[in-house]
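Trainee: model this:
(chains A and B, ligands or ions: 2)
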Amino acid sequence: MKILVCVKRVPAPGARINITDDGQAVDTAFLGFTVSPHEECAVEAAVQLVEKHGGEVTVLTLGPAEAEEQLRTAVSVGAVKAVLVPIEGRDWDPQRTASAITQTIRQLESTEGAYDLILFGNESADSCGYQVGVRAAYALGRPMVNGAKGLEADGQIAIVRRESDAGQEIYQLPMPSCVGIKEGINLPRYPTMKGRLASKKAEVSRVVQEASEGGLKMITLQRPPERVSNTQILGTGPEAAPAVVDLLVELGVFK
Amino acid sequence: MSVLVIVEHDRGTISTHSLGVLTAARNLAKQIDSQLEAVTVGAMADTLADTCGKHGATVVHQLHHDALVDYGPEAWGEAVSQLVKTLNPKVVIGSGTDRGHEVVAQVAARLDLPASMNCTEFDDSFNGSNSLKVVRARWGGSLMEAAELDAPIKLVTLANHTVEASESPVTSSTKATAVDLPAGVLHSFVRDRVERVAGVTLATAPVVVSGGRGVGSAEAFAPLEELAGLLGGVVGCSRAVTNNGWRNHTDQVGQTGTRIAPDVYIACGISGAIQHWVGAMASKNIIAINTDKEANIVTKAGYAVIGDLHKVVPAISEEIKRRRGN
Ligand SMILES: Cc1cc2nc3c(=O)[nH]c(=O)nc-3n(C[C@H](O)[C@H](O)[C@H](O)COP(=O)(O)OP(=O)(O)OC[C@H]3O[C@@H](n4cnc5c(N)ncnc54)[C@H](O)[C@@H]3O)c2cc1C
Ligand SMILES: Nc1ncnc2c1ncn2[C@@H]1O[C@H](COP(=O)(O)O)[C@@H](O)[C@H]1O
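Mentor: Ligands and ions are numbered 1, 2, ... in the order given. Sure, this is the predicted structure:
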């Protein structure tokens, strides 16, 4: 089974997200970066399927040269091929990103054969556009279901489970198909020593793409109003218990 | 010229978020001097026409096809796209839910239009023909983006709980249309379901006792379970906990977990990273239990106990049992 996973490099902020003075980007001066969480699980889902059915996992990202780091992270946990679509400057909008990803997939498939599955995250952690995967799947003419909390695939049919208010929904897609993965579908593994070594040596191929801008343009980032609280300290250590229970009574949850 | 709402429903039962969407769309329609129309997918949803009319929809488009008996992202997307193409509305609004985002993304892909998800504001300079300025939530709501949507038809979803639903009845008519669905889009349908077992869930519990990395192990959650049980609540956790395999992801609160709004949230050994906070901030009251009085959660919470959760949590349970006389 050949599986492609699209991952995005995103900053990993702590207590608050700071914005650069010009309001155009998250201030990443003091931040580390990570693979967007849903996609981390998509990589794990792909690796598990290949462990079961054979095949290989390729990871693809569109981002700055530094996004190689996230591709290597994916290799350290089991992906074998890595493809970077390098861009400079600010993030590309969803339509432009989807076009570039679609073109890259077409090129890869023309030389390597079709992917049985193409996995995305349900939404990227930073821009939360909820659309790049759906757009790419449509352009490629493949079925797509987002929000997968369960995925089985045998080469012919992919079975996707997803959560709804009413319970669980089960979808059956003919393969090749596309699926958007949600965190919680699995617990991503940590890299092994061998994996770490492989990731250092892995070759990252670069595919330069041109794509025209779409119609959603960022004007500026803004921080939502912050909640300032005059925290009432109920006490220190276990001696605070009666004060806590008094409060629970007052708030009406101790009956 | 209209503003079109995609009404979300599950086999004929309307999603409560759709009522807020209808209300927001009605306001936008008034702003640009046009009318509010709604679209329902599948004959099962024909009964929703009344509700749409009560919320201001002058026309309710009912899309019919034999295959439209349950939800299917591509079939819904294709059906709505066909309507949008003939109707040519100024704005199309879906709900800020999994289905809402998915259907709007499907329509956007099919019509090659931009789409802006999870909008919280629409600018009042919009007159129907110029670009639409919006504010939309990113980072699961930790950050907002002012953006401009430049396209002949504006596709958006409204972030949940942004606009409170209100009625504004109008004389409304229905218009049934048979859509033509190519075989290709009939794949991704709901084929089967597992109904949820009734009970208190993380999303609905009145009290959530949550543990973070400070809890230290899976076993050490037992006192949190006890406290939650005494208060009729459930246990939640941070991503550090799920990442360590101490608890299942279904317990995770936050951006990539569940968003909760209990009466009381008790956060034990959780630092309050922004991605956790966005999932917990709608709680009516927050009590932080942390050894670090500078921890972000302590400064943001209404109440805090400074101390070791392994001592504080059992002490609270003991005090509750003592007062109940057992
Ligand atoms: C894109 C993205 C999405 C994310 N989504 C989520 C999400 O949905 N939910 C989520 O939770 N996180 C999420 N995270 C992770 C988040 O950034 C933090 O890493 C995580 O919330 C930290 O968990 P924690 O507070 O348990 O651990 P830590 O940050 O390590 O904090 C532990 C706290 O415990 C306290 N402590 C230690 N020992 C004790 C003790 N004995 N008694 C009392 N207090 C003690 C410490 O003082 C500290 O405050 C996300 C991250 C990213 C990048
Ligand atoms: N720059 C990117 N590089 C690779 N994959 C991406 C990129 N942006 C988005 N994706 C994929 O598309 C999914 C949805 O993204 P979005 O539409 O931004 O929410 C993500 O979870 C990724 O799998």
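
Trainee: Check which helix or strand the closest residue to residue A:217 other than its chain neighbours maps to.
Mentor: Distances taken as CB to CB, 6 or more residues apart in numbering or on different chains place residue B:148 nearest to residue A:217, at 4.7 Å, with adjacent residues excluded. Bear in mind the C-beta positions are built from the backbone N, C-alpha and C, glycine included. Assessed by DSSP states H and E, residue B:148 sits inside strand B:143-149.

Trainee: List the contacts of that strand.
Mentor: A:17, A:19, A:26, A:215-224, B:114, B:116, B:120, B:131-138, B:155-156 (CB atoms under 8 Å, 6 or more residues apart in numbering or on different chains).

Trainee: 7 Å instead?
Mentor: Surrounding strand B:143-149, the residues in contact under the criterion CB atoms under 7 Å, 6 or more residues apart in numbering or on different chains are A:17, A:215-224, B:114, B:116, B:120, B:131-138.

Trainee: Take those and keep only those in strands.
Mentor: Judged by DSSP state E, the contacts of strand B:143-149 include A:216-222, B:116, B:120, B:132-138 as members of strands.

Trainee: Among those, which pair sits farthest apart?
Mentor: Within the ones in strands among the contacts of strand B:143-149, two members stand farthest from each other by CB to CB: A:221 and B:132, at 18.4 Å.

Trainee: need the residues of the stretch 201-326 of chain B near chain A, please.
Mentor: B:206-207, B:231, B:245, B:249-250, B:256, B:263-264, B:272-274, B:281, B:285, B:287, B:296, B:298-307, B:311-312, B:315-316, B:318-320, B:323 (CB under 7 Å from any CB of the partner chain).

Trainee: what number of residues lie near residue 1?
Mentor: Looking at chain A here, since you left the chain open. Residue A:1 has 18 neighbouring residues, counting by other CB atoms under 10 Å in any protein chain shown.

Trainee: wait, I meant chain B there
Mentor: Using other CB under 10 Å, residue B:1 has 14 other residues around it.

Trainee: Let me know whether it touches residue B:128 as I believe.
Mentor: Yes - assessed by CB atoms under 7 Å, residue B:1 is found in contact with residue B:128 at 6.4 Å.

Trainee: just to revisit the earlier point, mind listing what the strand holding residue B:148 pairs with, with the direction of each?
Mentor: strand A:216-222 (antiparallel), strand B:132-138 (antiparallel) (DSSP bridges).

Trainee: Just name the most buried of those.
Mentor: strand B:132-138 (a mean of 23; mean count of other CB atoms under 10 Å in any protein chain shown).

Trainee: and stretch A:16-29, how far out from the chain's middle?
Mentor: Distance, stretch centre to chain centre, for stretch A:16-29: 21 Å (CA atoms, centre = their mean, to the nearest Å).

Trainee: Now do it: everything it contacts.
Mentor: A:11, A:13, A:90, A:220-221, A:223, B:139, B:142-143, B:274.

Trainee: pull the CA atoms of stretch B:50-59 into PDB?
Mentor: The C-alpha trace of stretch B:50-59 is given here as PDB (Å, rounded to 0.1, in the frame of the first residue of the first chain):
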ATOM      1  CA  ASP B  50     -41.200  25.900   8.900                       C
ATOM      2  CA  THR B  51     -38.300  26.400  11.200                       C
ATOM      3  CA  CYS B  52     -36.400  28.200   8.400                       C
ATOM      4  CA  GLY B  53     -39.300  30.500   7.700                       C
ATOM      5  CA  LYS B  54     -39.600  31.300  11.400                       C
ATOM      6  CA  HIS B  55     -36.000  32.400  11.300                       C
ATOM      7  CA  GLY B  56     -36.500  34.600   8.300                       C
ATOM      8  CA  ALA B  57     -35.900  32.500   5.200                       C
ATOM      9  CA  THR B  58     -38.200  33.600   2.400                       C
ATOM     10  CA  VAL B  59     -37.400  30.700   0.200                       C
END
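
Trainee: can you give me the strands for the stretch 1-150 of chain B?
Mentor: Secondary structure of the stretch 1-150 of chain B (DSSP state E, counting those that start in this stretch): strands at B:2-6, B:9-10, B:13-14, B:35-41, B:59-64, B:91-95, B:115-122, B:132-138, B:143-149.

Trainee: Is chain A within reach of the second one?
Mentor: Yes - among the residues of strand B:9-10, residue B:10 lie within reach of chain A under CB under 7 Å from any CB.

Trainee: Equivalent analysis for the third one, please.
Mentor: No - shown here: strand B:13-14 not in contact with chain A (CB under 7 Å from any CB), separated by at least 8.6 Å.

Trainee: who does that strand pair up with?
Mentor: By DSSP bridges, strand B:13-14 pairs with strand B:9-10 (antiparallel).

Trainee: The strand it pairs with: how far from the chain's middle?
Mentor: So, by CA atoms, centre = their mean, the centroid of strand B:9-10 is 14 Å from its chain's centroid.

Trainee: swap in stretch A:199-218?
Mentor: With CA atoms, centre = their mean, you get 15 Å for stretch A:199-218.

Trainee: can I see the domain layout of chain B?
Mentor: Following automatic domain parsing, one gets these domains for chain B: B:2-185, B:207-324.

Trainee: Please produce JSON lines containing these, extended by distance to ligand 2 and mean pLDDT.
Mentor: Formatted as JSON lines, those follow (distance: least, CB to the nearest ligand atom, whole Å; pLDDT from 0 to 100):
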{"stretch": "domain B:2-185", "distance to ligand 2": "8", "mean pLDDT": "97"}
{"stretch": "domain B:207-324", "distance to ligand 2": "11", "mean pLDDT": "97"}
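
Trainee: Identify the residues contacting residue 230.
Mentor: No chain in the question, so chain A it is. So residue A:230 contacts nothing (CB under 7 Å, 6+ apart).

Trainee: Oops, wrong one, chain B.
Mentor: Per CB under 7 Å, 6+ apart, neighbours of residue B:230: B:317, B:320.

Trainee: Could you rerun that using 10 Å?
Mentor: A:248, A:254, B:207, B:209, B:316-317, B:319-321, B:324 (CB atoms under 10 Å, 6 or more residues apart in numbering or on different chains).

Trainee: before we move on, the earlier item: okay, the strands of the stretch 1-150 of chain B in CSV with distance to residue A:210 next?
Mentor: Shown next, in CSV, are the strands of the stretch 1-150 of chain B (distance: least, CB to CB, whole Å):
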stretch, distance to residue A:210
strand B:2-6, 33
strand B:9-10, 42
strand B:13-14, 44
strand B:35-41, 36
strand B:59-64, 38
strand B:91-95, 29
strand B:115-122, 22
strand B:132-138, 26
strand B:143-149, 23
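
Trainee: Could you dump the ones you listed into TSV and include distance to ligand 1?
Mentor: Formatted as TSV, the strands of the stretch 1-150 of chain B follow (distance: least, CB to the nearest ligand atom, whole Å):
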stretch	distance to ligand 1
strand B:2-6	28
strand B:9-10	25
strand B:13-14	28
strand B:35-41	31
strand B:59-64	36
strand B:91-95	21
strand B:115-122	15
strand B:132-138	11
strand B:143-149	11
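
Trainee: can you pull the pLDDT of the residue of the stretch 51-200 of chain A found nearest ligand 2?
Mentor: Residue of the stretch 51-200 of chain A nearest ligand 2, by CB to the nearest ligand atom: residue A:121 (2.4 Å). Predicted confidence (pLDDT) for residue A:121: 98.

Trainee: Setting aside sequence neighbours, what's the nearest residue to it?
Mentor: residue A:38 (3.3 Å).

Trainee: and the angle for the strand holding residue B:148 with strand B:91-95?
Mentor: 150 degrees (axes from the mean of the first three to the mean of the last three CA atoms, to 10 degrees).

Trainee: Perfect, I'm done here.
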